[in-house]
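# need a 3D model of the following:
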Amino acid sequence: MQRTLSFVLNHPFTKGHRLAGIAKLLKWQLTSRLHKKPVEFQFTQNSKLMVWKGLTGATGNIYCGLHEFEDMAFLLHFLRPGDLFADIGANIGSYTMLASAEIGARSVTVEPLPATFKNLVQNIQLNNIGDKVNVLNIGIGSKKGILKFTRAHDTGNHVATDEDHDVTEVPVDTLDSILAGETPALIKIDVEGFETEVLNGAANTLASLGLKAIIIELNGAGNRYGFDDQDIHRLLLSQGFRTMRYSPFNRELKDAQLNTEHNTLYVRDVEIVKERLGRARTVYVQGRAV
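Numbering: from 1, shown residues only. The predicted structure follows:
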């Protein structure tokens, strides 16, 4: 609880509104204990989520508007209707709901865990965006095949190692294969350390200049598979990407360092992206303009 309270108090969206954030936290803690069923939550003005106790990332949206504020706001300001967004490791689909329900972009959305996939599909149905989302119950790697995934760690589920025991087998394909020649404008990759294998199967996608930005988590989790995040960093720099940080309230995109604790934003054709961000429409989150 102390960690969650610190998250709320230090979140960019709650600065100047901390009492409101704490009130939402306390209200959710009470509501989730009294009502065990999922709750329909108004995410942004045009998107919703089904949320229930224990969903770490999703409940962060309740307290703080956008759980991963800078990255989610970048998506909201960068994407346009008709763009293609790739959500790799979607969980229950927070990013996909923003992209396809709020913005109207098309999404290719991937979630390997069958139980989580059912929740993802429920959110797609709740938002009536089935015509915009190609949703796949598979994993993404460097080649087609079968991999074992853990299934007891919520947002921390990952490709299993020899030390993991509660696992399930999941079919795996490559990013290049599932995109079938199309190029997303933005890719989000959150695969708990398996990012190297995802990118190893995405050579054509990375080389396509239509891809302007990647949001990727490089927090050292790849060490469990013998991967080094610095190799990914060097690969993306070699493809013309730069590490950036986005300030949503003033729409500023600035150079930044590799973030080894949370997501890192990589941007290519920076001036084009800046121009897009500056022209984006206002999005309303919990009644506040972003």
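
# which one is Pro114 nearest to, not counting chain neighbours?
Once flanking residues are discounted, Pro114 sits nearest to Asn137: 6.3 Å by C-beta to C-beta, 6 or more residues apart in numbering. Quick note: C-beta positions are derived from backbone N, CA and C, even for glycine.

# same check, this time on His77
Spatially, and ignoring its direct neighbours in sequence, His77 is nearest to Ala280 (3.8 Å; C-beta to C-beta, 6+ apart).

# ok, now which ones touch the one you found?
Going by C-beta atoms under 8 Å, 6 or more residues apart in numbering, Ala280 touches Leu76, His77, Phe78, Arg251.

# my guess is the third one contacts Ala213. True?
When you say that, I think you mean Phe78. Yes - if you go by C-beta atoms under 8 Å, Phe78 and Ala213 touch, sitting 6.4 Å apart.

# for Gly139, phi and psi?
Backbone torsions for Gly139, taken as degrees, to the nearest 10, come to phi -100, psi 170.

# and for it, the neighbour number?
Neighbourhood size, Gly139 [other C-beta atoms under 10 Å]: 26.

# wait, isn't it in contact with Thr168?
No - applying C-beta under 8 Å, one finds Gly139 not in contact with Thr168, separated by 10.7 Å.

# what sits in contact with each of the two?
Phe149.

# mind checking the SS state of Thr161?
coil (DSSP: H, G, I helix; E, B strand; the rest coil).

# next up, the contacts around it.
Neighbour list for Thr161: Arg224, Tyr225 [criterion: C-beta under 8 Å, 6+ apart].

# average pLDDT for stretch 63-74, rounded please.
Regarding stretch 63-74, the rounded mean pLDDT is 94.

# actually, stretch 172-185.
What stretch 172-185 shows for mean pLDDT is 97.

# please apply the same query to stretch 94-114.
For stretch 94-114, mean pLDDT rounds to 97.

# restricting to C-alpha, output it in PDB.
In PDB, the C-alpha atoms belonging to stretch 94-114 read as follows (Å, rounded to 0.1, in the frame of the first residue of the first chain):
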ATOM      1  CA  SER A  94      -4.700  -0.500 -21.900                       C
ATOM      2  CA  TYR A  95      -2.600   0.800 -24.800                       C
ATOM      3  CA  THR A  96      -4.800  -0.800 -27.400                       C
ATOM      4  CA  MET A  97      -7.900   0.800 -26.000                       C
ATOM      5  CA  LEU A  98      -6.200   4.200 -26.100                       C
ATOM      6  CA  ALA A  99      -5.000   3.600 -29.700                       C
ATOM      7  CA  SER A 100      -8.200   2.200 -31.200                       C
ATOM      8  CA  ALA A 101     -11.000   3.400 -29.000                       C
ATOM      9  CA  GLU A 102      -9.800   6.900 -28.200                       C
ATOM     10  CA  ILE A 103      -7.800   7.700 -31.400                       C
ATOM     11  CA  GLY A 104      -9.300   5.400 -34.000                       C
ATOM     12  CA  ALA A 105      -6.100   3.800 -35.100                       C
ATOM     13  CA  ARG A 106      -5.900   0.200 -36.200                       C
ATOM     14  CA  SER A 107      -4.100  -2.200 -33.800                       C
ATOM     15  CA  VAL A 108      -2.300  -5.500 -34.100                       C
ATOM     16  CA  THR A 109      -2.500  -6.700 -30.500                       C
ATOM     17  CA  VAL A 110      -0.700  -9.700 -29.000                       C
ATOM     18  CA  GLU A 111      -1.200 -11.400 -25.600                       C
ATOM     19  CA  PRO A 112       0.200 -14.900 -25.100                       C
ATOM     20  CA  LEU A 113      -1.500 -16.000 -21.800                       C
ATOM     21  CA  PRO A 114      -4.900 -17.500 -22.500                       C
END
